[in-house]
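Participant: This is a predicted model, with the sequence first.
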Amino acid sequence: MEAQTHSLGSTQPVPSFVSSKSARSQTLSRSDVCAKFVTTTTDGRAEEITLSIGKPITIGRNPSLCSYVIPDIVVSSLHCKIHAVQSSTGGIIVSCQDLSTNGLILNGHKIRKASVIVMNGDTFRIPASQTFQCILKWKHLHEKYASQPSQSQTQSYKDLGRFLITSHCLGSGSYATVQLALDTTGHQQAACKIIRRKEGNDQRKEMKEATLLMNLHHPNINRVYAVDLDPEFLYIMLELCTGGDLFTYITTHSKHRLCEGEAKYIMYQLLKGLKYLHDRMISHRDLKPENILLFSPGPYPRIQIADFGLARPKAYQETLHVCGTISYLPPEGILALEHKHLGYVGMPADCWSAGVTLFAMLTGSHPFDFASSSQSRVSLDDIVDSQGFVLSQHVTSQDERTKQRILDGKICFHEPIWGPLRDAKILVSHLLVSDPRDRATVYAALKSWWICMDLEELDQAYRERIRVHFT
């Protein structure tokens, strides 16, 4: 869903797992305050609540559950939770999750049982109780890449019936922008992907992503609520995810990689989402951590597969059109890229990409895309430019080295990390098989011992944390 504007630059290989971007992330995490919420109590006192990354604010009536207590009967025991996480563009995503029985009022709009993005100057009110105004504080080098506008800017809306598209931009790319929208009927926010229509283009082709997604309904697939268009633009209303993307989640993690349990829970969801697609003969064809969104902040997150612009129906058929990100393409995709008469099939390609993603979660590194052939492994952060965006995808010489490593198919499993992860290593090895005919399918991956050994616990967590919120 979230488009990114990439900047070219240069970066020097870092001789350890901690890169310059990781250091910046740590500095950002240690900053005193990234936002504050100003409120006036019922007895007229002005108060401020400060918010830092990794230190959520909880507001409610119960002192044992909440960091800010409002002793008012109309306030739920735990009314809402405010998070701050780093975004893929180097800014901050501030979100507020409603956990109450009577909801919140965000800028005059009712919010119920949803997580919403809170911008600078926004206000939210607990009905019949206190109002809080958000004031963002930028103390880092990436202020110009933050999506939030200054407090002096006035928000505007475009009315599309049930949905109001705001002027707040969540992301932009070469062919689309993503704006924050309000679902006035569903009492929640949405993400509106706005695609400029090209003169003479087939409307059915322009509607491909939207039409494909409109028929998909799964907890781990980014959902489309509605589609609209005018002579200039196509509007796709998407379910809003407030936790950022998996790439940023990995690279800003305290250890720059995930623990086995969390990686397994995320992989389980990823495989279930892929199974849903493959059951319907749909391949994603650009699966990577940047296109895996966290539904809301916090550990062991619910994830959603997003950005279906390159997805293909009838995915059992071979295609000559290679697409996706080079460092996540399988060997047959690399060969088809180099030899135009060769084709490849989308579903085995998705499984390869899932294997690369699992490797990245467990190690914080990429099995094939790293900065120097003299280095056995570097972190995901070591292949970013000076502004924090993925660099290796855009550097031709590095692309050629990556392609060759993928074709060679040699994966280095470093003993200090992979020694205790024997069963995970087996699954990765089966997903990263060069011959697509021998590669593990999503069905085989779900039956792997690494998944099955904890299947009862995984399924219970899945039901409790995902399905109860999915209607």
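Facilitator: Right, received. Where do you want to start?
Participant: Could you pull up the contacting residues of Leu293?
Facilitator: Counting by C-beta atoms under 8 Å, 6 or more residues apart in numbering, Leu293 makes contact with Met1, Glu2, Asn222, Cys241, Gly243, Gly244, Asp245, Leu246, Ile303, Gln304, Ala306. In this view, the C-beta of every residue, glycine as well, is placed from N, C-alpha and C.
Participant: Any idea which helix or strand in the protein has the lowest mean pLDDT?
Facilitator: helix 20-30 (a mean of 38; mean pLDDT, DSSP states H and E).
Participant: average pLDDT for the following helix or strand past that helix?
Facilitator: Scanning forward in sequence from helix 20-30 by DSSP states H and E, the next helix or strand is strand 35-40. Confidence over strand 35-40 (mean pLDDT, whole number) is 96.
Participant: So which residues of the stretch 101-250 of the chain form helices?
Facilitator: Taking DSSP state H, counting those that start in this stretch as the criterion, the stretch 101-250 of the chain carries its helices at 203-206, 208-214, 246-251.
Participant: Skipping its backbone neighbours, what lies nearest Asp122 in space?
Facilitator: Cys134 (4.9 Å; C-beta to C-beta, 6 or more residues apart in numbering).
Participant: since we're on that neighbour, how many residues are nearby?
Facilitator: For Cys134, the number of neighbouring residues by other C-beta atoms under 10 Å comes to 21.
Participant: okay but it is in contact with Phe37, surely?
Facilitator: Yes: counting by C-beta atoms under 8 Å, Phe37 is a contact partner of Cys134 at 5.8 Å.
Participant: Can you check the pLDDT for Glu47?
Facilitator: pLDDT, read off for Glu47, is 96.
Participant: how about it, secondary structure?
Facilitator: strand (DSSP: H, G, I helix; E, B strand; the rest coil).
Participant: what's around the nearest residue to it once chain neighbours are set aside, how many residues?
Facilitator: Counting by C-beta to C-beta, 6+ apart, Glu47 lies nearest to Thr39, which is 5.5 Å off, once chain neighbours are set aside. By other C-beta under 10 Å, 20 other residues sit near Thr39.
Participant: Show me the beta-bridge partners of Thr39.
Facilitator: Thr39 forms beta bridges with Glu47, Phe132, as assigned by DSSP bridges.
Participant: Just want to check the distance between it and Thr242.
Facilitator: The gap separating Thr39 from Thr242 is 22 Å, by C-beta to C-beta, to the nearest Å.
Participant: what's the answer for Cys169, then?
Facilitator: 16 Å.
Participant: Tell me which of those two has more neighbours.
Facilitator: Thr242 (23 against 15).
Participant: Which stretches in the stretch 151-300 of the chain count as strands?
Facilitator: Along the stretch 151-300 of the chain, counting by DSSP state E, counting those that start in this stretch, strands occupy 157-160, 163-172, 176-183, 188-196, 224-229, 233-239, 292-294.
Participant: tell me what the third one is packed against?
Facilitator: Applying 3 or more C-beta pairs under 8 Å, 6 or more residues apart in numbering; DSSP states H and E, one finds that strand 176-183 contacts strand 163-172, strand 188-196.
Participant: Out of the helices of the stretch 101-250 of the chain, flag the one nearest Ile57.
Facilitator: Comparison of the helices of the stretch 101-250 of the chain against Ile57 by C-beta to C-beta identifies helix 246-251 as nearest, at 20.1 Å.
Participant: how about that closest one: buried residues?
Facilitator: Using 16 or more other C-beta atoms under 10 Å as the test for burial, helix 246-251 gives Leu246, Phe247, Thr248, Tyr249, Ile250, Thr251.
Participant: Present the residues you listed as TSV; the columns should include pLDDT and distance to Leu78.
Facilitator: Shown next, in TSV, are these (pLDDT from 0 to 100; distance: C-beta to C-beta, whole Å):
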residue	pLDDT	distance to Leu78
Leu246	97	27
Phe247	96	31
Thr248	95	27
Tyr249	96	24
Ile250	96	29
Thr251	93	30
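Participant: For Thr357, state which of these is nearest.
Facilitator: Nearest to Thr357 among the buried residues of helix 246-251, with distances taken as C-beta to C-beta, is Leu246, at 7.5 Å.
Participant: Pull the contacting residues for the closest one.
Facilitator: Ile266, Pro289, Glu290, Ile292, Leu293, Leu294, Ile303, Thr357, Met361.
Participant: got the phi/psi numbers for the closest residue to Arg61 other than its chain neighbours?
Facilitator: The spatially closest residue to Arg61, leaving aside those adjacent along the chain, is Val75, at 4.6 Å (C-beta to C-beta, 6+ apart). The phi/psi pair for Val75 (degrees, to the nearest 10) reads phi -90, psi 130.
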